[in-house]
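Engineer: no FASTA, just this:
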């Protein structure tokens with residue numbers, strides 16, 4: 001055996017190992033050039049969310065603080081309140097400091113409310129909130145500018161000083177004042193803005209959208225003299241509003257073969273108003289040269305004229321192999337989809353939700369997000385891109401949102417992915433989404449354990465709308481409540497929908513133990529949504545009476561705290577609340593059960609502290625009879641009057657002379 005080796009042979013492995021190590025570490029080796037590693041670019045700011053959204057303050061109130069949270073391309077977020085540029089759209093109404101502190105200014109004499117946009121900007125990225133300012137010597141009422149009164153969809157107006165249980169319940173003291181004729185069914189909730197100058201005169205104005213593709217502005221207080229006619233009327237199927245020559249409304253039977261909305265389909269979802277810019281955002285459908293078009297419009301609420309950047313056709317294509325797809329692409333189908341939920345304006349973005357006409361295939365649940373100032377399509381979301389159904393309809397309830405920029409919807413019957421977590425197909429599910437810089441992702445969801453039965457039996461979870469509760473005491477601060485056709489009430493923690501992030505109970509389940517609270521079959525099925533006032537929730541389901549459930553420490557009682565005596569059949573009712581703070585609460589609701597026979601709608605009023613006490617029914621007084629019933633009608637209460645949309649007219653109720 002040879003024991004001696006040369007120095008070269010001994011060192012060779014060492015040299016080789018050093019070169020290999022240098023190569024692996026990216027270090028320069030003998031005879032090689034240095035390897036330069038370029039660091040990745042920092043994440044880009046994509047979204048700014050201004051909070052709170054839609055606060056209302058008195059004009060003598062202390063400064064209102066705002067924050068701006070930046071969301072980045074890597075899904076991270078950061079508080080940018082101190083570094084963004086803050087601006088007020090009207091410094092005579094509100095000033096804003098460099099730290100986001102807003103000071104409201106005194107309103108002019110006789111002005112009861114005003115609105116201003118508060119904007120945060122960094123580079124080309126901006127976020128916006130709408131601040132309402134009320135006269136501290138007046139009613140403090142800021143108006144009804146979105147479906148069910150606010151983006152939490154509570155349905156409450158707690159600044160009603162005229163209508164009291166004593167007045168409404170007194171015989172002959174309250175009734176029908178007048179009506180205004182319209183050109184189609186009113187499915188959208190009437191909206192209300194006070195102190196609007198139109199044609200040189202100041203009016204309180206009620207805005208009405210119809211299935212005739214019309215928007216009307218009526219004086220809210222009178223139909224006599226100069227107010228006998230609309231203050232303005234805009235037809236969204238004329239060329240001035242972007243429609244093609246010869247455009248018509250959609251024929252519900254001839255075009256969609258669906259009798260849910262008859263005889264025509266035009267504007268169905270409740271519009272939303274930005275009163276700081278006098279802009280109404282409204283979606284209208286039309287038939288043009290055998291094409292079925294959906295358009296998002298921006299209307300000037302003082303004239304009805306189209307404002308820049310509107311209108312724009314609603315259209316998109318996403319990846320997917322689901323119903324109606326082609327070559328792995330799924331395109332939005334204008335014929336088979338209907339914009340049903342109330343529109344949402346949040347942080348400078350307009351959201352539109354779509355479902356179907358009846359269950360005419362193919363369709364999906366579509367959510368569109370448009371920049372309100374440019375109408376640029378920011379992003380879309382589809383519930384069942386590789387399946388089918390799962391529409392967003394919620395019986396017309398509005399897309400809900402919180403001040404942190406989270407969006408909440410519930411889908412109807414459709415495919416659900418039971419094999420993966422998170423699921424990709426989300427029929428019959430409560431969804432939380434966020435426009436956070438990485439698209440429009442689902443950040444959380446909850447699906448009932450019996451989803452398959454809900455789907456196959458057409459027992460939609462998504463027949464009912466979502467209500468976001470005010471902050472609660474107890475183990476969960478941020479809660480939402482929802483119920484669908486099954487009549488089960490779900491109380492869900494908005495910060496984490498399910499325990500352990502399980503989303504869905506897959507094995508041997510008879511209820512959903514992962515949700516915060518579940519009351520099975522406690523009410524009749526909802527083709528509507530509840531309302532909230534004074535730590536109480538109000539539900540009126542089919543085959544059931546109006547029920548009030550108390551909230552205590554963030555928990556619902558298992559039995560109603562009070563119940564009415566009037567039972568409704570289909571399609572149930574969505575209550576609205578008027579009150580003066582925590583007193584004089586009244587529950588208002590429209591009975592539309594006569595819609596199939598073209599019978600009249602019936603306006604009901606109940607004492608909110610005990611709904612067994614019915615204060616008023618328009619059916620009891622022949623002179624108070626309303627127009628023909630329309631499903632899912634939601635009354636609007638403002639400044640001592642109640643506005644009810646019907647099949648032929650807007651009916652106005654209030655204190656009688």
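Structural biologist: Perfect, thanks for sending it. Just so you know, these numbers come straight off a predicted model, no measurement behind them.

Engineer: domain map for this protein?
Structural biologist: Split into domains by automatic domain parsing, the chain comes to 45-141, 157-655.

Engineer: let's have those in a markdown table, adding mean pLDDT and mean neighbour count.
Structural biologist: In this view, the C-beta of every residue, glycine as well, is placed from N, C-alpha and C. What follows is these, written out as a markdown table (pLDDT from 0 to 100; neighbours: other CB atoms under 10 Å):
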| stretch | mean pLDDT | mean neighbour count |
| --- | --- | --- |
| domain 45-141 | 95 | 18 |
| domain 157-655 | 96 | 20 |
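
Engineer: all helices of the chain, in order?
Structural biologist: Ranges of helices in the chain, per DSSP state H, are 7-25, 165-169, 252-256, 451-456.

Engineer: now render the domains of the chain as TSV, adding distance to residue 148.
Structural biologist: TSV is the format used below for those (distance: least, CB to CB, whole Å):
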stretch	distance to residue 148
domain 45-141	13
domain 157-655	6
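
Engineer: out of the ones you listed, which gets nearest to residue 150?
Structural biologist: Among those, domain 45-141 comes nearest to residue 150, with 6.6 Å by CB to CB.

Engineer: quote the end-to-end distance of that closest one.
Structural biologist: Terminal residues of domain 45-141 lie 37 Å apart, using CA to CA, to the nearest Å.

Engineer: next: stretch 613-623.
Structural biologist: First residue to last in stretch 613-623 (CA to CA) measures 23 Å.

Engineer: same deal with stretch 387-399?
Structural biologist: One end of stretch 387-399 sits 23 Å from the other (CA to CA).

Engineer: hey, what's residue 518 bridged with?
Structural biologist: residue 490 (DSSP bridges).

Engineer: which residues does it contact?
Structural biologist: Residue 518 makes contact with 488-491, 511-512 under the criterion CB atoms under 8 Å, 6 or more residues apart in numbering.

Engineer: roughly how far does it sit from residue 251?
Structural biologist: 42 Å (CB to CB, to the nearest Å).

Engineer: can you check residue 157 too?
Structural biologist: In this view, residue 157 and residue 251 are 37 Å apart by CB to CB.

Engineer: wait, isn't residue 578 in contact with residue 164?
Structural biologist: No - contact criterion CB atoms under 8 Å: residue 578 and residue 164 do not qualify, at 9.1 Å.

Engineer: shared neighbours of these two, which are they?
Structural biologist: 584, 586.

Engineer: which non-adjacent residue is nearest residue 452?
Structural biologist: With CB to CB, 6 or more residues apart in numbering as the criterion, residue 452 has its nearest non-adjacent residue at 7.5 Å, and that residue is residue 416.

Engineer: what sits against that neighbour?
Structural biologist: Here residue 416 is in contact with 423, 425-429, 447, 451-452, 455, 504 (criterion: CB under 8 Å, 6+ apart).

Engineer: what is the end-to-end distance of stretch 634-646?
Structural biologist: For stretch 634-646, the first-to-last residue distance is 10 Å (CA to CA).

Engineer: that one: how far from the chain's middle?
Structural biologist: Stretch 634-646 sits 20 Å away from the centroid of its parent chain (CA atoms, centre = their mean, to the nearest Å).

Engineer: repeat for stretch 116-131
Structural biologist: Worked out by CA atoms, centre = their mean, stretch 116-131 lies 20 Å from the chain centre.

Engineer: stretch 144-151 now?
Structural biologist: Going by CA atoms, centre = their mean, where stretch 144-151 is centred and where its chain is centred differ by 9 Å.

Engineer: which residues does it contact?
Structural biologist: The set of residues external to stretch 144-151 that reach it, using CB under 8 Å, 6+ apart, is 53-54, 153-157, 188-193, 269-270, 272-275, 341-346, 396-398, 400-402, 465, 468, 529, 531, 574, 576, 634, 636, 638.

Engineer: strands - which of those residues land there?
Structural biologist: Using DSSP state E, 156-157, 191-193, 272-274, 344-346, 400-401, 468, 531, 576, 636, 638 are the members of the contacts of stretch 144-151 that sit in strands.

Engineer: related to what we said a few turns ago, residue 603: which of the contacts of residue 518 is nearest?
Structural biologist: When these are compared against residue 603 (criterion: CB to CB), the nearest one is residue 489, at 25.6 Å.

Engineer: and that closest one, how far is that from residue 429?
Structural biologist: In this view, residue 489 and residue 429 are 16 Å apart by CB to CB.

Engineer: please apply the same query to residue 169.
Structural biologist: Between residue 169 and residue 429 the distance is 42 Å, computed by CB to CB.

Engineer: what does residue 492 give?
Structural biologist: Residue 492 is 11 Å from residue 429, by CB to CB.

Engineer: also residue 256?
Structural biologist: 26 Å.

Engineer: cool, and residue 313?
Structural biologist: On the measure of CB to CB, residue 313 and residue 429 end up 29 Å apart.

Engineer: next, count neighbours for residue 44.
Structural biologist: When neighbours are counted by other CB atoms under 10 Å, residue 44 registers 11.

Engineer: show me what contacts it?
Structural biologist: Neighbours of residue 44 in contact, by CB under 8 Å, 6+ apart: 72-73.

Engineer: strands of the stretch 51-200 of the chain, start to end?
Structural biologist: For the stretch 51-200 of the chain, applying DSSP state E, counting those that start in this stretch gives strands covering 56-58, 64-65, 67-72, 77-79, 85-88, 94-96, 101-104, 113-122, 125-134, 156-157, 174-181, 191-198.

Engineer: so which of those gets nearest residue 589?
Structural biologist: So among the strands of the stretch 51-200 of the chain, strand 156-157 is nearest, using CB to CB, at 13.4 Å.

Engineer: from the chain's centre, how far out does that closest one sit?
Structural biologist: Worked out by CA atoms, centre = their mean, strand 156-157 lies 16 Å from the chain centre.

Engineer: elements contacting that strand?
Structural biologist: Judged by 3 or more CB pairs under 8 Å, 6 or more residues apart in numbering; DSSP states H and E, strand 156-157 is in contact with strand 531-533, strand 576-580.
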